[in-house]
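**Student:** Give me coordinates for this.
(4 chains)
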Protein chains: 2
Amino acid sequence: MSIKEIAAKLNVSKSTVSLVINGKAEQGRISEALAKRIMDYVDSIGYKPNALAKSLATGKSRTIGLIVENIGDSFFGPIALYIEEYLRKYNYHVLYSSTLNDEKLANTILDTMLDKYVDGIIMAPTLGQEEQVQKLIDTKLPLVVFDRRIPSLETNYIGTDNYSASKRAVQYLFECGYKSIGMITIDSKQVQMLDRLRGYREVVDSNNSTEDILQIPYNLVGDSRKAMIDSFLSENSFDALYFSTNYLCVSALKVLKANKKHKHYGMITFDDHEIFELNLPTISCMRQPIEEIAKQIVVTLLGQINDHKKPFDDIIIPSELIIRESTQ
Amino acid sequence: MSIKEIAAKLNVSKSTVSLVINGKAEQGRISEALAKRIMDYVDSIGYKPNALAKSLATGKSRTIGLIVENIGDSFFGPIALYIEEYLRKYNYHVLYSSTLNDEKLANTILDTMLDKYVDGIIMAPTLGQEEQVQKLIDTKLPLVVFDRRIPSLETNYIGTDNYSASKRAVQYLFECGYKSIGMITIDSKQVQMLDRLRGYREVVDSNNSTEDILQIPYNLVGDSRKAMIDSFLSENSFDALYFSTNYLCVSALKVLKANKKHKHYGMITFDDHEIFELNLPTISCMRQPIEEIAKQIVVTLLGQINDHKKPFDDIIIPSELIIRESTQ
DNA sequence: AACCAATGCAAAACCGGTTTTGCATTGGTA
DNA sequence: TACCAATGCAAAACCGGTTTTGCATTGGTT
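**Tutor:** Numbering: from 1, shown residues only, chains lettered A, B, ... in the order given. Now for the predicted structure:
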């Protein structure tokens, strides 16, 4: 049932119906009596306006685009859930896409979202998206970047203290008495990964220890990744390991489990994972406060939507050191 | 830039531009020369039609609504990723929402999605949605239900063989030599859970063993859930455990880890989890082939979209028994 | 030469709303 | 009682597309 049909049924014009439905009866100088008659009828038939037409007319869709690396991931999945929950409280919906770290795909996704007239975008950008994201910023569409900062861009950003948290993690390994610490990370130019790497290097240097770094390509998964870790462990002689992200640690745990010849390492990783509480030994980590991050993302985005001239936020939420058996 | 502006710029009518852009130049009897002139200009300015206006005019949005229980979950997260990937191949996007098993919320979500004019819906329904889903079916909107069947409804369904897979799992425990098997499940009337329960019961009975069942409320999480499992283990004397879903098994593993007084159980669970490969012992399970399920969901939905009169599919994809250390 | 069909495109109607403008009435003031 | 502002609503314009209809012109028959 359309607004036109309602109008015809009640012998009024559609503008009148529209004004009443949207609570603008007063502003449209519609009499209370007529407003009531319209509302009663509208309620009785359970009319709901066509959201597409409404969006077209108003330019607002009450939909937010969410672009992450992988919705099935143990970091992005839960963060997506929290974002969805917070947004729902404000009557926004989520259109999402996973980039799988593919730059081309990420740009396509961005284009499509803009097409669909989202009211704002939340994204963890991939490498090589600088230009596209700059264009996005130029459109003035409310935007929040999270997890990966693009340093050249001025926009809202929410993330954790990658550099200092990384330093704390590695320093903690030294404090536990480990002398030689290897790092396993993703071979990536993403800023958050470089920050974590830099943190490791500085602390290792300031402890007069030597760097041992394994950089694994993002797309290398499964057995090939495990093989790389396996030989890295075989060819080096450190007594502790630092991982830049949880799934690398999980891979290493699988390697250690499968190949008993490896010794027992001190271990700490960035990002928590349900596995770490159960593994033998349980695994220490720097945990990003996911719910808080999600909350700040939404608050920042809605702030921008409601006030386009609001200055950009740059919110750093510290990670928390969770100490478990792997560093004892 | 709108189609109207393009038309003005080229001194043609917008209908002509629209026809050319949509490859209907011939059907609209537009001369090749003019079509080329329009296409050249359109390409040169990188014009992209407003998807909202297009959807309003055509009634098609190229967006699919995906309603799951929890996008951050180790079953629904990965399945959502696969669904998204398959749909993208056909140029569809995904509007998603998590119901968190809340019936009211689930119905609200459904309403909103219909508002947004999705071209189809993929959902894992919650309990109590029978009526709403029946209404949805009555609208003839392409729909695929997965994971949880609602027996009273006639529509497309994709799921695994819960009953027979459950029987195989429990039977396997008996074959391993266990004599007394406890089951831990969710206190739910969801059909897939009832089927798994029924499978357990039948096999236990036919082996002349006794049933021991713990039903945990869905909303009971964290420590309360663990406490329930803890006392269930303390008060009974079985030698093996069967879990109706992976997160219950994970909770039990935490209990077993925390409380050393419990003995060593044979264990098998429905649904795989990354933890199970790493736990000591590694955990056997009935694994649902997630990627295949996602694929069939998409194929079925697109089939319905392209042919509204296609008969409904009811596809059962067998789960696979993964044998690990916990049943040795 | 008159007629008819085919061609090439413009114009208009439509999708379902929102918002601005405009036109009668009414009522109050000078 | 003439004038002006306020009232109450309808009409129209708009959002940006798609699709049907309609109107000249051209070209080919008889």
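**Student:** what are the ranges of the helices in chain A?
**Tutor:** A:3-10, A:14-21, A:32-45, A:51-58, A:76-89, A:103-115, A:130-138, A:162-175, A:191-206, A:222-235, A:246-258, A:290-306 (DSSP state H).
**Student:** quick one: which of those helices has the weakest pLDDT on average?
**Tutor:** Between the helices of chain A, the one with the least mean pLDDT is helix A:103-115; it has a mean of 88.
**Student:** burial count for A:Ser206?
**Tutor:** Using other Cβ atoms under 10 Å in any protein chain shown, A:Ser206 has 12 neighbouring residues. Where C-beta positions appear, they are placed from N, C-alpha and C, glycine not excepted.
**Student:** still on that earlier bit, in TSV: the helices of chain A, plus distance to DNA strand C.
**Tutor:** Output for these, formatted as TSV (distance: least, Cβ to the nearest atom of the strand, whole Å):
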stretch	distance to DNA strand C
helix A:3-10	3
helix A:14-21	3
helix A:32-45	11
helix A:51-58	3
helix A:76-89	21
helix A:103-115	16
helix A:130-138	25
helix A:162-175	43
helix A:191-206	40
helix A:222-235	49
helix A:246-258	46
helix A:290-306	15
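**Student:** Pull the contacting residues for the closest residue to A:Val299 other than its chain neighbours.
**Tutor:** Using Cβ to Cβ, 6 or more residues apart in numbering or on different chains and skipping residues adjacent in sequence, the residue nearest A:Val299 is A:Tyr86, 8.0 Å away. Contact analysis of A:Tyr86 by Cβ atoms under 8 Å, 6 or more residues apart in numbering or on different chains lists A:Ala294, A:Lys295, A:Val298, A:Val299.
**Student:** what two of those residues are the furthest from one another?
**Tutor:** Pairwise distances across the contacts of A:Tyr86 peak at 9.7 Å for A:Ala294 and A:Val299 (criterion: Cβ to Cβ).
**Student:** Which one's more surrounded, these two?
**Tutor:** Comparing A:Ala294 with A:Val299 by other Cβ under 10 Å, the one with more neighbours is A:Ala294, at 23 against 16.
**Student:** wait, isn't the more buried one in contact with A:Phe76?
**Tutor:** No. Between A:Ala294 and A:Phe76 there is no contact, the gap being 10.6 Å when judged by Cβ atoms under 8 Å.
**Student:** Tell me the one of the contacts of A:Tyr86 nearest B:Met267?
**Tutor:** Distances from B:Met267 to the contacts of A:Tyr86, taken as Cβ to Cβ, are shortest for A:Ala294 (33.8 Å).
**Student:** Phi and psi next, for A:Tyr178.
**Tutor:** phi -70, psi 140 (degrees, to the nearest 10).
**Student:** for DNA strand D, what are the nearby residues on chain A?
**Tutor:** By Cβ under 7 Å from any atom of the strand, the residues of chain A that approach DNA strand D are A:11-16, A:28-31, A:33-34, A:53, A:56-57.
**Student:** ok, which pair from those residues is furthest apart?
**Tutor:** A:Ala33 and A:Leu56 (31.7 Å).
**Student:** neighbour-wise, which of these two wins?
**Tutor:** Taking other Cβ under 10 Å, A:Ala33 and A:Leu56 do not tie; A:Leu56 has more neighbours (18 against 8).
**Student:** how close does the closest residue to the more buried one other than its chain neighbours sit to B:Tyr117?
**Tutor:** The shortest distance from A:Leu56 to any non-neighbouring residue, by Cβ to Cβ, 6+ apart, is to B:Leu52 (4.9 Å). For B:Leu52, the distance to B:Tyr117 (Cβ to Cβ, to the nearest Å) stands at 10 Å.
**Student:** Find residues that contact each of those two.
**Tutor:** Counting by Cβ under 8 Å, 6+ apart, the residues touching both B:Leu52 and B:Tyr117 are A:Leu52.
**Student:** What is the distance between stretch A:65-79 and the centre of its chain?
**Tutor:** Offset of stretch A:65-79 from its chain centre (Cα atoms, centre = their mean, to the nearest Å): 6 Å.
**Student:** Can you get me the start-to-end distance on that stretch?
**Tutor:** Stretch A:65-79 has its terminal residues 14 Å apart, counting by Cα to Cα, to the nearest Å.
**Student:** now swap in stretch A:171-183 and tell me
**Tutor:** One end of stretch A:171-183 to the other measures 13 Å (Cα to Cα).
**Student:** Provide the contact partners of it at residue level.
**Tutor:** A:170, A:197, A:200, A:203-204, A:207, A:209-214, A:232-233, A:236-244, A:266, A:268, A:284, A:321, A:323, A:327-328.
**Student:** Drop anything exposed from these.
**Tutor:** By neighbour count, with 16 or more other Cβ atoms under 10 Å in any protein chain shown, those hold A:170, A:197, A:200, A:203-204, A:207, A:209, A:212-214, A:232-233, A:238-244, A:266, A:268, A:284, A:321, A:327 as buried.
**Student:** Take these and keep only those in strands.
**Tutor:** Within the buried ones among the contacts of stretch A:171-183, residues falling in strands by DSSP state E are A:Asp212, A:Ile213, A:Leu214, A:Ala240, A:Leu241, A:Tyr242, A:Phe243, A:Gly266, A:Ile268, A:Ser284, A:Leu321.
**Student:** Now render these as TSV, adding distance to B:Ser61 and pLDDT.
**Tutor:** Shown next, in TSV, are these (distance: Cβ to Cβ, whole Å; pLDDT from 0 to 100):
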residue	distance to B:Ser61	pLDDT
A:Asp212	52	95
A:Ile213	48	97
A:Leu214	46	97
A:Ala240	53	96
A:Leu241	48	97
A:Tyr242	47	98
A:Phe243	42	98
A:Gly266	53	95
A:Ile268	47	98
A:Ser284	47	97
A:Leu321	46	97
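**Student:** and these near chain B, which?
**Tutor:** When Cβ under 8 Å from any Cβ of the partner chain is applied, no member of those is adjacent to chain B.
**Student:** ok, of the residues you listed, which one's closest to B:Leu81?
**Tutor:** Nearest member of these to B:Leu81, counting by Cβ to Cβ, is A:Phe243, at 22.9 Å.
**Student:** Tell me the bridge partners for that closest one.
**Tutor:** On the basis of DSSP bridges, A:Phe243 is bridged to A:Ile184, A:Thr269.
**Student:** Could you check how far it is from B:Thr155?
**Tutor:** 45 Å.
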